[in-house]
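Participant: Got a predicted structure plus its sequence, pasted below:
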Amino acid sequence: MAHQGADEKRLEETLSVIKHKLVVLSGKGGVGKSTVAVNLAVGLAIKGFNTGLLDTDLHGPSVPKMLGVEKFLTSGDETHLEPAVLYDGKLKAMSIQFMLQNLHDSVIWRGPLKHSIISQFIGHTVWGKLDYLIIDSPPGTGDEPLSVIQTARPDAAIVVTTPQEVATFDVRKSIDFCEKMNLPLAGVIENMSGFICPHCGEETAIFSTGGGRRMAQDCGVPFLGTIPIDPGFVLNSDQGKTFVEHVTEGKSMEAIASVIENIVKR
């Protein structure tokens, strides 16, 4: 395929029918950012919102695996990319994974090519009218999140962290990044905030707790909620099933539902 970014006119046309654009960021890998992004998007779709989910992690795309569509191959031409359509048309997803001929092919690109393909994903994907576009960005403050901000012009960022200080130390850089880019913050989500035993239901603070809330307070940004560790997250993700669809009760489900509700309110 030709790696030419979407022109300004096409970008404007695409973005004009998307009500809310939210980018999910983290300054550190391994905090469950993609898992949170997928479950937020599916949760919004289940609530009846027309939702798009864009995976801009070009080197480690995991969104398709979590949705069970890792073998989907996108179709279209140079100006129309067909996304994967799920949940009775309420969720549309796009990822570099859909363009790889082999499931485990690596992507070895430098900055300009990354910017071009992200621009294509945003402007050329046939999103249609959306209530929400959730954009999952790789960790850090480099090429991909910068390209997302320049092309998608998101309304706000959601920052994901785990509670321990070594994580919040790095994640604060994402908040600083947003401030320097004049990107409003929808809020902070503290993921992996305690482990819920599947046998007795007792919660243990494996990674401490409260670090994300304290970071949000220190930085003067909204706090969207905490999500505890739940083995069901891992089990469902590995099987291409989302937690919010297949788990209907428990503290983790209540936590995710609360976070989604906070995002909708904001």
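Facilitator: Sure thing, it's come through.
Participant: Sketch out the helices for the stretch 101-250 of the chain, chain order is fine.
Facilitator: Assigned by DSSP state H, counting those that start in this stretch, the stretch 101-250 of the chain shows helices spanning 111-124, 143-152, 165-180, 211-219, 231-238, 243-246.
Participant: now the third one, how far from the centre of its chain.
Facilitator: Here helix 165-180 is found 17 Å from its chain centre; the criterion is C-alpha atoms, centre = their mean, to the nearest Å.
Participant: For Lys47, which of the helices of the stretch 101-250 of the chain is the nearest?
Facilitator: helix 243-246 (9.7 Å; C-beta to C-beta). Any C-beta I mention is one placed from the backbone N, CA and C, and that applies to glycine too.
Participant: Just the terminal-to-terminal distance for stretch 244-258.
Facilitator: 12 Å (C-alpha to C-alpha, to the nearest Å).
Participant: scratch that, stretch 203-223 is what I was asking about
Facilitator: 21 Å.
Participant: same thing with stretch 98-117?
Facilitator: Start-to-end, stretch 98-117 (C-alpha to C-alpha) is 13 Å.
Participant: Report the buried residues of that stretch.
Facilitator: 98-100, 107, 109, 114-117 (16 or more other C-beta atoms under 10 Å).
Participant: Could you dump these into a markdown table and include pLDDT and distance to Phe72?
Facilitator: A markdown table is the format used below for these (pLDDT from 0 to 100; distance: C-beta to C-beta, whole Å):
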| residue | pLDDT | distance to Phe72 |
| --- | --- | --- |
| Phe98 | 95 | 5 |
| Met99 | 92 | 10 |
| Leu100 | 91 | 11 |
| Val107 | 91 | 17 |
| Trp109 | 89 | 21 |
| Lys114 | 94 | 21 |
| His115 | 94 | 24 |
| Ser116 | 93 | 22 |
| Ile117 | 94 | 17 |
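Participant: Quick check on the nearest residue to Ser208 once chain neighbours are set aside: phi, psi?
Facilitator: Using C-beta to C-beta, 6 or more residues apart in numbering and skipping the chain neighbours, the partner closest in space to Ser208 is Pro163 (4.6 Å). With angles defined as degrees, to the nearest 10, Pro163 sits at phi -70, psi -30.
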